[in-house]
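In: The sequence and its predicted three-dimensional model are supplied below.
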Amino acid sequence: MAARRRYGIPSSGLSRARRVTVASSSVVSVDTAPSIVVDPIDELIVRARKGDRNAFGAIYERHFNELYWHALRLTGDPNDAADVTQEAFARALVALPKTAGAMNVRAWLYRIVTNACHDLGRQRARSATTNLSPEIAAAIPDHDATTDPERWLLRREAQSEVSGALGRMSNRSRTLLLLRERDELSCAEIGERLGASRAAVKSGLFRARHELRRLYDAERDAA
């Protein structure tokens, strides 16, 4: 009782103090303070901006494969795709420290790879594969290779004409078509990769389809 009076702690208060002490000791390992969850990729970006090569290497490892396949779809050549992807990461290494704030590094890298493919030149893009959707494939005659060899040959010739038409298209139109019709990306997904609005992608696709039809007809007339 004397101790209670000395420190001015009433009996009920001392009991509460003891309960708090006991409770605290029993849950000492529990952190009740709010925690801030940092996305690992955001942390890597911050470190890479400061010149941390290990952090940039982690970004490279995380995204290289999908960016390589993106480059392969646009160039149609494995060696070109590997060169383009390496070049894109070299550009990113230089450009990343100049960026600031939050960023979608995946979309940013896709744009760099796409631009690097364009820089490679139109002559390389002529070899791009043409596994297109029915809207574009409608330009090619139907066939049954097992029962009609002549129709199969016609199909092969038509595929060559489509490939030639794709090679003569503008870089942006060809990229839009391949991303939409072969990779089956939505307009929003294409916009994210190319840094364009959904409306711009839709109007670009409309023009690209007309451009392909015109060039395909020209290829057939010249054959």
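Out: Now that the structure is in, tell me what you want to look at.

In: shaky segments in this structure?
Out: Residues of the chain that meet the criterion pLDDT under 70 lie in 1-39, 121-161, 223.

In: can you do 90?
Out: 1-42, 51, 53, 69-82, 99-104, 107, 114-202, 204-223 (pLDDT under 90).

In: tell me which residues in stretch 175-186 are buried?
Out: Across stretch 175-186, burial judged by 16 or more other Cβ atoms under 10 Å covers 175-183, 185. All C-beta atoms are positioned from the backbone trio N, CA, C, and that covers glycine.

In: So which of these sit within helices?
Out: Among those, the residues falling in helices (DSSP state H) are 175-177.

In: Mind listing what's buried along stretch 199-216?
Out: By neighbour count with 16+ other Cβ under 10 Å, stretch 199-216 contains the buried residues 201, 204-205, 208-209, 211-212, 215-216.

In: residues making contact with that stretch?
Out: 135-136, 139, 161-162, 164-166, 168-170, 172-174, 176-177, 180, 187-188, 190-191, 194, 196 (Cβ atoms under 8 Å, 6 or more residues apart in numbering).

In: how about the buried residues of stretch 199-216 in a markdown table, adding distance to Leu67?
Out: Putting the buried residues of stretch 199-216 into a markdown table (distance: Cβ to Cβ, whole Å) gives the following:
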| residue | distance to Leu67 |
| --- | --- |
| Val201 | 20 |
| Gly204 | 22 |
| Leu205 | 23 |
| Ala208 | 23 |
| Arg209 | 26 |
| Glu211 | 27 |
| Leu212 | 25 |
| Leu215 | 28 |
| Tyr216 | 30 |
